[in-house]
Each structure stands twice: as structure tokens, then as C-alpha cells.
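Novice: Below are the sequence and a predicted model; questions follow.
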There are 2 protein chains.
Amino acid sequence: MTDIESLKKLALLDAMHKPIKLSSHEFSISISSSPQTASRKLQTLEQEGYINRTMVSDGQWITISKNGIEILRKEYYEYQDIFTAERDYVDLVGTLFTGLGEGQYYLAQGGYLEQFEEKLGFHPFPGTLNLNLNEQSTILRRKLSEHTGIEIIGFKSEDRTFGGGKCFHSKIRDENCAVIIPDRTHYPPDVLEILAPDKLREKLDAKDGDEIIITVML
Amino acid sequence: MTDIESLKKLALLDAMHKPIKLSSHEFSISISSSPQTASRKLQTLEQEGYINRTMVSDGQWITISKNGIEILRKEYYEYQDIFTAERDYVDLVGTLFTGLGEGQYYLAQGGYLEQFEEKLGFHPFPGTLNLNLNEQSTILRRKLSEHTGIEIIGFKSEDRTFGGGKCFHSKIRDENCAVIIPDRTHYPPDVLEILAPDKLREKLDAKDGDEIIITVML
DNA sequence: ATTACTAAAAGACGAGTAA
DNA sequence: TTTACTCGTCTTTTAGTAA
């Protein structure tokens, strides 16, 4: 088991952004232990590839490696999971991009339209707004699937079947909208599709690349 | 040293919000250890007051206590420190409220006005926008004091002295503004005061109780 | 099946020491 | 002063057992 507690201490000393000069004795104080243990822990962290060290006569220069940052970030996300789970909404951040226009095709299907009107309480503008979520929001977005949301049921037309999914009431800068999470999608998980009663691009005066914060009600 | 790793596992199993049923064997799997160790760790956490347990014939019901949640939250904030320190901006979330109007009084003082114009690059609308920050943002707001920001120097008039503080360039929905952090203030730490060149309430079409997200440049 | 004891095995710690 | 050995001690873990 890797000593993430020590790694965290190094991160709090800002070793993620710049090399920090540290002696075993100094580090022993911040982990409330002996210099021997401190020394050994730094050795171990280096062997495991979580930190890089350069020894000098009166101590060592330490940086946290890419792997080290990764494992800390994973830990951070676990705590985010714990403490965002208690909220009844979640803010997702992403940049606007233009999709391939299939949103429009699907939205034109009566089987979907009826459900959106009935279950979301608005007639959707024929086209979706697509966000490219940042790393953190992609994680949070995954949590959406654990919530029931508003179920959209799949159906069959003469030609093909249309899959189900679920929606969540949402807001962007006070504009009502809804995110739609298809059960199966061609999009990668960092893409978020948004429905709204109006043409959001105009209402928000937003263009491709703009950063958008959307508040999703759970 | 308390076994926060085990406590975190329990939190991820949702023991913060409801009692979860768990046997030592099941828990041993999630902490990758033996049932004996799992059993002992749960005993210890209970003795330390971090969890509550009710034993039943085929396992035990576990909830995380108030103290347990507190220690986890502390851990969470440390990770927030680590991972929000790398950004050059921070998003604060709060609800709009109407202050007592002293903002207007202070803004009318020439000693402040001159500095705002010179250092912020705009002539402030005579009145501040006040946000009541949520819990998480209040923590983040405290971090602002660690940054230098734009210094506003105190001065004396004939009658009294006016204290110093600092400002940060900010944006609310693309509207330029600035938060002002007085060195000493009568407001509690969950209140954020905002300056802008225009009457933001009108520009944003916002009213008391509306949720506002402000991006503060560090 | 549980929980939780005891006792042996494994591992972590820190004093002493060398470089 | 450092880092990082060795080695005795203490702590933690797990197997075995009882309830």
C-alpha cells in the first residue's frame, strides 16, 4: 500500500508545482515521525515512482512525479464523490462545440418529442447544445448515471429502433434547459448534450470554445 | 493515527447518509485485508467515535458519526487546497442579497474612488453587489487572502480613517467586475462584496436570492 | 454464517552507526 | 550537518479458536 499520506504532505508543501528543498529531519516534523522513517518513506516513494529526488549535501530537492499527481488526483476525486453526493445539484463545466447535427435528427422524432414536452415541460428547440466537459466534470457526469433522473423510453419506427435514456432539469445562467444522457451513445463520455426551449446559442450569446457552466438538478 | 482510509471506504459505501449493512468479510474485501483486520478496524473506528455500529446476527449496521464526517471533510479540504492552488482563477458560488448600503458610503469616498479607477481600470457604479457564499465557496474565499491581489491603501479624511484591503479582477457571466476584500470588515466571512462599472443587478437581471457564479482571477 | 479473542508471523519504527 | 544502512523493539496483521 503506497503512503499517500506522505505524498499529500509533499503536495501541500507545493512539490507538485516546483522542486522543494527538504531534509529528512524537516520532513520528519511534518509527518510527525523520526528522521529515519522520513528518509525511508521518501526512498520508498521514489522507488514507487511517485516522486523524483536530487540529493544535495544538506538535503534533497523533491518534486512529485506525474504518477504521483495522478494518484493524488484520484484520491481527490474520491473525496469529491463523497461530498458532492450530498448535494441535489452538480455544476458541470465545459466548452461549447458544434456537433454533427444528429441531435436535430433525433429531436425531430415524434416518439422523443412527445416525451420531452410531457416530462420536461417544454417544447425543445430542434437542435442540441454540445459541451466538451473538462476532466473533473467528466467524472461528475458519470455520477449522473447513478441517479434516476427523468426517464425517456425508447421506441420503434417503421425503419429502426430508437434507444432510451434519461434527462435532468438544468440551468445555464438562469436559462432553463435539460441534459440528456442516452443509454447508448456514439459520443465519448466527456460530451454533454443539452436541450432547451429556445436557441441557447443566441440566448446566451455563446460561440464555439466558450466556457459554459451548467447546473444539473439531480 | 486514525485510519482515515477505512473511514473513506465507508463513506464511499454511502455510510455518511444512511446506515449500511456490512460484515467484516465484506469490508475486508473493500480494504484488501483479512476479516480479522477488518473487524478490528471497525472496532477501533467505533472506539475513536468516528462511526456508530449496531451488531446483528449476520453482520453490522454502520453509520459515520458527526466527528467522522468532520475528519473526512478536513481531508477533502486539504485535497481541494492541493488541486485548486494550481489554477489562476477560482469560481465562487453564492446568492444575491441586499446589504445595508454602506458599500455606497465607502465608494463615495474620493480616497477609494481614485484607487479603483486607477488600479481596476473602471469607475465603479456607486453600490456593491453582495453575495452570500455557500459553504464550499467560503472556504475558497479564505484562500484569496493568501494571494496578493490588487492592493487598496487605507487613508484618513478629516473625520476618520478608512481601512485598506485588496481587490481581484472578476467576471460574472462575461461582465467585468472586481471583488473587494477589506482588511477589516463588519461582514461575516461568507459575504462577498463586488464592484462593477455598471449596475450589475440590471445587467444580469438578478434579484435577491438568485444564485450567482463569479470567476475571481488570482 | 457472524464477531472478537489469543498467539504467532510480518512489518514498521527508531536508536546507533557509517559514509 | 546530511542520507541510509543494520538491528533490536514495538506495532500490526493474520491464522486459529471460541462464542
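Specialist: Cool, got the structure.
Novice: what number of residues lie near the closest residue to residue A:15 other than its chain neighbours?
Specialist: Nearest non-adjacent residue to residue A:15, counting by C-beta to C-beta, 6 or more residues apart in numbering or on different chains: residue A:64, 4.9 Å away. To be clear about C-beta, it is placed using only N, CA and C from the backbone, and glycine gets the same treatment. Look at residue A:64: counted by other C-beta atoms under 10 Å in any protein chain shown, it has 26 neighbours.
Novice: mind checking pLDDT for residue A:64?
Specialist: Model confidence at residue A:64, given as pLDDT, is 93.
Novice: Please report the distance of residue A:11 from residue B:6.
Specialist: 22 Å (C-beta to C-beta, to the nearest Å).
Novice: So which of the two has more stuff around it?
Specialist: residue A:11 (24 against 21).
Novice: Next, the contact list for the more buried one, please.
Specialist: For residue A:11, the contact set (C-beta atoms under 8 Å, 6 or more residues apart in numbering or on different chains) comprises A:64, A:72, B:82.
Novice: near chain B at all, stretch A:128-137?
Specialist: No. Judged by C-beta under 8 Å from any C-beta of the partner chain, stretch A:128-137 stays clear of chain B, getting no closer than 8.7 Å.
Novice: ok, residues contacting that stretch?
Specialist: A:77, A:80, A:92-99, A:103-104, A:107, A:141, A:177, A:180, A:190-196, A:200-201, A:212, A:214.
Novice: Let me know the secondary structure of the most centrally placed residue in chain A.
Specialist: Of all residues in chain A, the one closest to the mean position by C-alpha atoms, centre = their mean is residue A:137, 2.2 Å from it. At residue A:137, secondary structure determined by DSSP: H, G, I helix; E, B strand; the rest coil is helix.
Novice: just residue A:130 next, same as before
Specialist: Reduced to three states by three-state DSSP, residue A:130 is strand.
Novice: And it, how close does it get to residue A:26?
Specialist: From residue A:130 to residue A:26 the distance is 50 Å (C-beta to C-beta).
Novice: which one of those two has more residues nearby?
Specialist: In this view residue A:130 and residue A:26 are compared by other C-beta under 10 Å, and residue A:130 has more residues nearby, 19 against 14.
Novice: What residues are bridge-paired with that one?
Specialist: residue A:97, residue A:193 (DSSP bridges).
Novice: residues from chain A in reach of DNA strand D?
Specialist: A:22-26, A:35-36, A:39, A:42-43, A:55, A:57-60 (C-beta under 7 Å from any atom of the strand).
Novice: redo that, cut-off 6 Å
Specialist: Proximity of chain A to DNA strand D, by C-beta under 6 Å from any atom of the strand, involves residues A:23-25, A:35-36, A:39, A:43, A:55, A:58-60.
Novice: out of those residues, which touch DNA strand C?
Specialist: Within the residues of chain A next to DNA strand D, those near DNA strand C by C-beta under 6 Å from any atom of the strand are residue A:36.
Novice: Any chance of a ChimeraX selection covering the buried ones in the residues of chain A next to DNA strand D?
Specialist: Here is the ChimeraX command that selects the buried residues among these (16 or more other C-beta atoms under 10 Å in any protein chain shown):
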select /A:24,39,59,60
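Novice: What is the nearest of the residues of chain A next to DNA strand D to residue A:165?
Specialist: Nearest to residue A:165 among those is residue A:43, at 51.1 Å by C-beta to C-beta.
Novice: quick revisit: can you flag which of the residues of chain A next to DNA strand D belong to strands?
Specialist: A:55, A:59-60 (DSSP state E).
Novice: which one among those gets closest to DNA strand C?
Specialist: Distance to DNA strand C, by C-beta to the nearest atom of the strand, is smallest for residue A:55 among those, at 11.2 Å.
Novice: Look at the closest one and report its pLDDT.
Specialist: Reported pLDDT for residue A:55: 90.
Novice: Identify the bridge partners of it.
Specialist: Under the criterion used (DSSP bridges), residue A:55 bridges to residue A:60.
Novice: Would you map the strands across chain A?
Specialist: Listed in chain order, the strands of chain A (DSSP E) span A:20-22, A:51-56, A:59-64, A:89-97, A:129-133, A:150-152, A:155-156, A:161-162, A:165-172, A:175-182, A:191-195, A:211-217.
Novice: got a list of what residue A:115 touches?
Specialist: Contacts of residue A:115 by C-beta under 8 Å, 6+ apart are A:152-153.
Novice: Would you check how far apart it and DNA strand C are?
Specialist: 44 Å (C-beta to the nearest atom of the strand, to the nearest Å).
Novice: Same check on residue A:15?
Specialist: Residue A:15 is 20 Å from DNA strand C, by C-beta to the nearest atom of the strand.
Novice: quick one, what contacts residue A:183?
Specialist: Here residue A:183 is in contact with A:154, A:163-166 (C-beta under 8 Å, 6+ apart).
Novice: Any quick ChimeraX command for the buried ones out of those residues?
Specialist: This is the ChimeraX syntax for the buried subset of those, where burial follows 16+ other C-beta under 10 Å:
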select /A:165,166
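Novice: Let me have the contacts of residue A:183 in a markdown table, adding distance to residue B:30 and pLDDT as columns.
Specialist: Below are the contacts of residue A:183 laid out as a markdown table (distance: C-beta to C-beta, whole Å; pLDDT from 0 to 100):
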| residue | distance to residue B:30 | pLDDT |
| --- | --- | --- |
| A:154 | 35 | 94 |
| A:163 | 34 | 93 |
| A:164 | 32 | 93 |
| A:165 | 31 | 93 |
| A:166 | 28 | 94 |
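Novice: Quick check: phi and psi on the residue of chain A most remote from its centre?
Specialist: Here chain A reaches farthest from its C-alpha mean at residue A:57, the gap being 43.2 Å by C-alpha atoms, centre = their mean. Main-chain dihedrals, residue A:57, degrees, to the nearest 10: phi -60, psi -40.
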